[in-house]
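[1] Sequence plus predicted model, see below.
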Amino acid sequence: MSAKSIQLHHPFKTIILAVSLGLLLNGCLTVRPTVSATPTVTAPLNRANNLALGNPSGASASNPNNYLISRPQYILSYSRVRGIANWVSWRLSPSWKGDAKRTTEFRPDPSLPTGWYAARPSDYTNTGFDRGHLCPSDDRDITPEDNAATFLLSNIVPQAPRHNREVWKSLEDYERQLMSNGNDVYIIAGVAGTGGIGQNGFATTLANGKLTVPASLWKILVVVPSGTDNTFQITANTRVIAVNIPNNQTAADKPWRAYLTSIDELENLTGYDFLSNVPVDIQQIIERQIDGGNS
């Protein structure tokens, strides 16, 4: 596992995190940062730091309902009992953007342990719910293989069609706009609760109870300037965007900004510890803020 160093500069409380390709090795969890007197930047440019800000639920390979799945394109926590992901974490940057054709082939995740039910495309047929991406297809189109990874059904949740195609899509488009404007965006997206309203009305599960329909979908964006390597800065002024959007058709009647919340509120909702690799004094400032709509 590679080294990661952090420096605090008071009064601005600037953190420099260097994350290398070996951040996650053999399913290991991230290591808590240490404070160094001198910033050290040793990580080469790579695309593998999808869990740079921490493992919010402490997911591991030993917990079936908080099961860590690590692949180059994203990291996720999967729940066997719910049949869907708890959350997915990834980094959006120009190094992931290309012109590979959208795959569109949804398929079961072969990495799930033997004996676990793996969702099938037909589980969603005529249910009134879309196969909704957590890590979007358009965030991973540098190669056909990267795009195909987003169609593994462990990255998919039952999502009300208008929610998926309108308000959620609008937020995804905004994330890519932030990237185009010279930023990298570290993103965690997940689900909460049980029971949503699709085209056919209210449902709590699909596939004879094997797949849970979430009550809401939430997302956190941490916006940092693009760099020439894997170094990035987080300060008390770093922009963070948090939303929690009900999983129903009428959610799309409002823009995504109507669902802004704070990271603290999402922690209360989920029980997770977001941004756990960020020193607590910085967390206390940025996690209580609600985004003010900066461009």
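    Everything's here; your move.

[2] burial count for the closest residue to Ser79 other than its chain neighbours?
    Nearest residue to Ser79 in three dimensions, chain neighbours excluded: Asn65, at 4.6 Å (Cβ to Cβ, 6 or more residues apart in numbering). Every residue, glycine included, has its C-beta placed from N, CA and C. The tally of other residues near Asn65 (other Cβ atoms under 10 Å) stands at 13.

[3] helix, strand or coil for Asn65?
    Using DSSP: H, G, I helix; E, B strand; the rest coil, the secondary structure recorded for Asn65 is coil.

[4] Quick one: residues contacting it.
    Residues in contact with Asn65 (Cβ atoms under 8 Å, 6 or more residues apart in numbering) are Ser79, Arg80, Val81, Arg82.

[5] if I pick the third one, what's in contact with it?
    By Cβ under 8 Å, 6+ apart, Val81 lies in contact with Pro64, Asn65.

[6] Quick one, grab the pLDDT at it.
    pLDDT for Val81: 98.

[7] Kindly provide the distance from it to Trp218.
    For Val81, the distance to Trp218 equals 20 Å [Cβ to Cβ, to the nearest Å].

[8] Check the last one too.
    Arg82 sits at a distance of 15 Å from Trp218 (criterion: Cβ to Cβ).

[9] now do the second one
    With distances defined as Cβ to Cβ, the gap from Arg80 to Trp218 amounts to 21 Å.

[10] And the two? Which one has more around it.
    Legend: neighbour count by other Cβ under 10 Å for Arg80 and Trp218, higher for Trp218 (23 against 16).

[11] name the element that one belongs to?
    strand 216-225 (DSSP states H and E).

[12] which helices and strands sit right next to that strand?
    For strand 216-225, the elements it packs on are helix 168-180, strand 183-192, strand 231-234, strand 239-246, helix 263-270, judged by 3 or more Cβ pairs under 8 Å, 6 or more residues apart in numbering; DSSP states H and E.

[13] and stretch 155-164, C-alpha only, in CSV?
    What follows is stretch 155-164, C-alpha atoms only, in CSV (Å, rounded to 0.1, in the frame of the first residue of the first chain):
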residue,chain,number,x,y,z
ASN,A,155,-23.8,-0.3,-10.2
ILE,A,156,-27.5,0.0,-11.0
VAL,A,157,-30.5,0.6,-8.8
PRO,A,158,-34.3,0.8,-9.4
GLN,A,159,-35.0,4.4,-10.2
ALA,A,160,-38.2,6.2,-11.1
PRO,A,161,-37.9,7.0,-14.8
ARG,A,162,-38.4,10.8,-14.6
HIS,A,163,-36.0,10.9,-11.7
ASN,A,164,-33.4,9.0,-13.7
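
[14] How about residues contacting it?
    By Cβ under 8 Å, 6+ apart, stretch 155-164 touches 74, 76, 84-85, 88, 106, 109, 119, 124, 127-135, 149, 168, 191, 196-199, 203, 206, 211-214, 217, 245-252.

[15] And the average pLDDT for that stretch is what?
    On average, stretch 155-164 scores 98.
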